[in-house]
Structure formats: C-alpha cells, structure tokens
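Undergrad: using only what follows, build the 3D model:
(one chain, ligands or ions: 3)
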Amino acid sequence: MTVTIVGSQLGDEGKGALVDLWGGAADVVARYQGGDNAGHTVVEGGDEYKLSLVPSGAVRGKVGVLGNGCVVNPRTLFEEIDTLRDRGLDPDVRVAERAHVIMPYHRRLDGIEEEAKSDSGVEVGTTGRGIGPTYEDKAGRRGVRVGDLLDTNVLRDRLEYVVPQKRALIEEVYGLAAGDECDVESLVEEYAAFGRRLREEGMTVNCSDFLYERRQAGDAVMFEGAQGTLIDIDHGSYPYVTSSNPTAGGAATGTGVGPTVTGRGEVVGIVKAYLSRVGEGPMPTELDGDEREERLADRIREKGGEFGTVTGRPRRIGWLDVPMLRHAARVSGFTGIAVNHVDVLADLDTVKLAAAYELDGDVIETIPATTEQWARCDPVLKEFEPWPAVDWTTVAEEGYDAMPTNAREYLDYVSGEVGAPVYAVGVGPDRAETIELVDPFEQ
Ligand code: GDP
Ligand code: IMO
Ligand code: MG
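TA: Ligands and ions are numbered 1, 2, ... in the order given. Got it, this is the predicted structure:
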C-alpha cells in the first residue's frame with residue numbers, strides 16, 4: 001500500500017504536517033524530487049522540526065529515503081542529521097545511489113544566474129540552493145551521482161571533466177572570479193569524505209530494489225512530495241518553477257516504483273485554505289490590489305507565519321484559487337485532499353476564493369497553459385460567510401462536525417469542485433491540531 005502526498009499549489013501547503021500525521025502508519029517515507037529547497041515543518045507536542053532534506057517521517061522514527069529523483073547536498077544532509085541527533089532523534093536515512101549531488105559550483109551558479117536574470121527582470125526568485133543547475137547537469141549528462149562519491153577515481157574523473165566547464169562559465173561568460181567551488185582537488189577531498197561517511201553509515205541504496213524489497217516484506221510506503229503543482233517544471237507556471245516534478249507522476253520516476261504501484265494507492269493533494277507564494281510568477285488572486293488588500297495580506301501572513309522556512313522571505317498571499325486546484329487534481333489524480341490553515345482564515349469580515357477566471361471575455365475553469373495567459377487571468381471571486389475563531393484544539397479533538405458551519409461550507413464547496421473528498425483539515429500547526437476524516441492507509 002502506498003500513499004503519495006502532493007502539494008496542490010505553490011509549495012508550503014503544510015505537507016510536512018500531513019506526512020507526519022499519516023506517516024505513523026507508514027514504515028518507509030520516501031522523497032522523490034527536489035532537494036534542500038524544501039522546508040517541511042513538523043510540530044509534535046509543541047516541538048518544532050524544520051526539515052529540508054531528511055524526510056518528515058524521521059520525526060516518528062520511520063526509514064527515510066531520498067529517491068533517485070532528488071538532488072542531494074551532502075553538507076546539508078549531514079548537518080540536518082547531526083542536528084536531529086543532538087535533539088535526541090536517530091534518523092535512519094537512505095540515499096539513492098542514482099540521486100544527483102548538489103556541488104558547491106551549482107549553488108554558486110544558481111546565485112550568478114539569478115543575478116544575471118535580474119538585470120532583465122526575469123529572475124525566478126530561487127532558494128539559491130543550486131537546485132536548477134544540478135538538474136541541468138543531470139539532463140546534460142554531466143552530473144555527479146551519489147554512487148560516484150563512493151569511488152574516488154570515478155568522482156575525480158567526473159569532476160575533472162565538468163569543473164573546467166563551470167570555471168569557464170563563471171570567468172568567461174559572467175566575467176567573475178572562480179573560487180574554491182572550482183578547485184578539483186579540494187572538491188574530491190571533501191566529497192570523497194562524504195562518500196565514506198555514507199558508506200560507513202550504510203546509507204546508500206539502490207532505491208528501486210530497496211523499495212521493492214520493503215514492499216515485498218509488507219511495508220507501507222509513503223511518498224513525500226516537496227514543492228507544489230504550480231512550481232512543477234512541466235505543469236507549473238514555467239519559467240517561474242523549480243526544476244523537478246512535484247506532481248504525482250514524479251513519485252514513480254523519482255524512486256523507481258511503477259506507476260501501477262503509486263496508482264493503486266492513494267494520492268492526497270495538500271491544500272492551503274488560501275494561497276502563498278515565495279518567488280516570482282503570476283498569482284491571479286494575490287491580495288496586493290490596494291491598501292486594504294495589503295493590510296489583509298499582512299494579517300494573514302502574520303497569523304499564518306508566512307515567511308519562508310528555507311530563506312525567511314515573506315510569502316506573497318492570495319485567496320484560494322479553485323482553477324489551480326482543478327488543474328492539480330487532474331495532473332496528479334487526487335483520491336483525497338487535506339486542507340490546512342483553516343484557523344488562519346477565522347475572524348475575517350469575508351472569505352473569498354476564485355471559482356473561475358475571466359480571460360479575454362471568456363470564463364475558464366482551469367489554468368491556461370501559457371504563463372503569459374495565466375498572468376492576464378482575472379479571478380471570478382465567490383464570497384463565503386466568515387467563520388469565527390474558536391478553540392481549535394477542542395475542535396480537533398471533537399472532529400469535523402465541531403467545525404464552525406461556515407468553515408464546513410467552504411470546505412464542502414472546495415471538495416466538490418476539486419472532485420475529491422476531504423481526508424483531513426488542519427486547524428493549527430501541531431499534529432494534535434489536525435482533524436482526520438479518512439486515514440489514506442486504511443482505504
Ligand atoms: P510544507 O513545505 O508544505 O511542509 O509547509 P511549510 O512547513 O513550509 O509551511 C507550513 C507552515 O504552516 C508551517 O509553519 C506549519 O507548522 C504550519 N501549519 C501547517 N498546517 C497548519 C494549519 O493547519 N494551521 C496553521 N496555523 N499552521 C499550519
Ligand atoms: P516546500 O517543499 C515554496 C520556489 C522558489 C522559487 C522556485 C524555484 O517547502 O513546499 P528553486 O530553488 O527550487 O530553483 O526555486 O520555487 N520553491 C518553493 N516555494 N515551497 C517550496 O518547497 C519551494 N521550493 C522551491 O521560491 O520561486
Ligand atoms: Mg515549505
């Protein structure tokens with residue numbers, strides 16, 4: 001049995017909280033794409049964990065896997081593992097030998113390329129973690145894979161080929177000085193040492209075989225998506241996207257299980273009850289039209305703690321966008337949804353969402369395929385009666401029927417439009433503040 005957790009919007013929908021909730025029934029939690037651009041939060045009994053690479057199941061002692069579709073920065077990985085150990089956890093993390101390694105020159109180039117793009121106002125607003133340049137090298141067949149770190153000769157061969165190209169790019173194309181990130185000897189030394197630690201701690205796996213064997217032994221597997229549908233390289237608002245496939249198809253290619261395996265399981269879309277976006281790109285429901293909207297955005301931002309987990313940047317805020325959710329549900333085939341942050345919208349004068357868009361005089365129900373068209377879409381707003389702030393902990397204890405009626409109306413509408421039942425509702429960050437209607441592992 002598998003459960004795939006997918007971000008339905010622009011990332012930061014609260015995926016970590018649901019992976020933590022339902023991960024209790026999983027034996028293995030596998031990330032299938034992305035790298036340390038992710039920032040997943042788990043709050044258990046008031047203790048907060050912010051995880052960039054270690055799968056969120058680690059907080060519950062599950063085996064965490066970084067699949068072949070991930071890009072892994074070993075510096076971040078070991079820092080995160082060591083920090084968790086200092087906090088008394090003992091994360092069991094396995095890394096696919098086919099996963100690609102984020103090297104220091106990737107991070108450097110991420111920054112340089114963003115800076116160059118900003119001269120023409122076309123920067124993406126990346127997290128600066130080297131994600132794009134690493135996936136570029138993967139597609140360009142000049143990447144370094146985790147398996148290469150285990151053999152110093154192979155590692156040296158790869159770096160001797162690729163590093164002079166990076167140096168030329170930095171020096172000759174961008175006219176900057178290359179630094180330690182382009183020093184083959186020190187890279188070999190540092191990254192071979194990472195390889196030794198990976199081997200000593202028994203962390204590397206052939207991901208496809210590993211998951212096959214675990215499933216044969218009867219283990220339940222959860223796939224933890226990072227980022228979200230609208231920043232998917234194929235299905236998102238290109239070029240304002242990340243460089244991987246957060247949508248459900250990525251779970252199969254990014255770990256080496258068949259689509260029949262994930263397809264026979266559950267695929268749960270994680271939805272934030274409003275929208276947040278870090279980085280550039282269109283956002284038709286953004287609350288930035290006038291001072292009143294900006295004040296409302298500030299209020300939601302403060303109440304929802306909408307500041308990037310990875311970069312600390314204030315997140316842009318907007319109303320929920322139903323055309324976006326219809327698109328997400330189709331691309332990933334949601335069997336259910338979880339709606340978070342319902343508490344954050346409490347006590348407003350009114351609650352709105354985009355039920356459709358208007359584009360060039362036509363009303364449309366999903367997102368147009370070009371980002372330029374999407375940017376021209378006007379939301380067709382639908383208003384809902386507001387709901388009061390209540391004691392959410394008590395509501396979480398008592399269950400869905402204890403939710404304010406107006407909040408239930410909002411959720412029922414969204415579920416009907418998306419065509420997927422509500423499996424859970426988040427009314428606060430803590431594990432105990434999530435109302436579970438359906439456990440996908442029991443489906
Ligand atoms: P992820 O990247 O999808 O895992 O989400 P993040 O962790 O980046 O951002 C979600 C933030 O909202 C975190 O600080 C969570 O602790 C918090 N959070 C998650 N669910 C809820 C909820 O239902 N209500 C509130 N108020 N906060 C939530
Ligand atoms: P989680 O898993 C929100 C955004 C960046 C930028 C774009 C490309 O926590 O939901 P990248 O560094 O990936 O090349 O940046 O994608 N982005 C995220 N936004 N949540 C995330 O992850 C994100 N990961 C990347 O802000 O706009
Ligand atoms: Mg996040």
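Undergrad: C-alpha from now on. contacts and neighbour counts both.
TA: Fine.
Undergrad: quick one: the residue in the stretch 101-250 of the chain that ligand 3 sits nearest to from R142, how far?
TA: In the stretch 101-250 of the chain, the residue that lies nearest ligand 3 is Q227 (7.1 Å; Cα to the ion). Counting by Cα to Cα, to the nearest Å, the separation of Q227 from R142 is 25 Å.
Undergrad: and for V427?
TA: Counting by Cα to Cα - V427 and R142 are separated by 46 Å.
Undergrad: these two: which is more packed in?
TA: Regarding V427 and R142, a neighbour count based on other Cα atoms under 10 Å identifies V427 as having more, with 26 against 14.
Undergrad: list the contacts for the closest residue to the more buried one other than its chain neighbours?
TA: Leaving aside its sequence neighbours, V427 sits nearest to D343 (Cα to Cα, 6 or more residues apart in numbering; 4.8 Å). Residues near D343 by Cα atoms under 8 Å, 6 or more residues apart in numbering: A389, W392, G426, V427, G428.
Undergrad: now do the same contact list for the last one.
TA: In this structure, G428 makes contact with N340, H341, D343, W392, T434, judged by Cα under 8 Å, 6+ apart.
Undergrad: wait, the fourth one touches E433, no?
TA: What it means is W392. Yes. The criterion here is Cα atoms under 8 Å, and W392 meets it with E433 at 7.0 Å.
Undergrad: shared neighbours of those two, which are they?
TA: Shared contacts of W392 and E433, defined by Cα under 8 Å, 6+ apart, are found at V427.
Undergrad: would you list the phi and psi of C377?
TA: phi -70, psi 140 (degrees, to the nearest 10).
Undergrad: kindly report the same for Y238.
TA: Per-residue torsions, Y238: phi -60, psi 140 (degrees, to the nearest 10).
Undergrad: how many neighbours does it have?
TA: That count, for Y238 with other Cα under 10 Å as the rule, works out to 19.
Undergrad: wait, isn't it in contact with A369?
TA: No. Applying Cα under 8 Å, one finds Y238 not in contact with A369, separated by 9.3 Å.
Undergrad: sorry, back to before: how about the contacts made by the residue of the stretch 101-250 of the chain closest to ligand 3?
TA: Contacts of Q227 (Cα under 8 Å, 6+ apart): G7, L10, G11, D12, G34, A38, T242, P246.
Undergrad: and I317, by the same measure?
TA: Y274, L275, S276, R277, E286, L287, A297, I300, R301.
Undergrad: which of the residues you listed fall within strands?
TA: Those of the contacts of I317 mapping onto strands are L275, S276, R277, per DSSP state E.
Undergrad: next, find the distance separating the nearest residue to the second one once chain neighbours are set aside from ligand 3.
TA: The spatial neighbour of S276 that comes closest, neighbours along the chain excluded (Cα to Cα, 6+ apart), is I317 at 4.6 Å. The gap separating I317 from ligand 3 is 15 Å, by Cα to the ion, to the nearest Å.
Undergrad: sec struct for I317, please.
TA: Judged by DSSP: H, G, I helix; E, B strand; the rest coil, the three-state class of I317 is strand.
Undergrad: quick one on the thing from earlier: out of the contacts of G428, which touch ligand 1?
TA: Restricting the contacts of G428 to those near ligand 1 by Cα under 6 Å from any ligand atom leaves N340, H341, D343.
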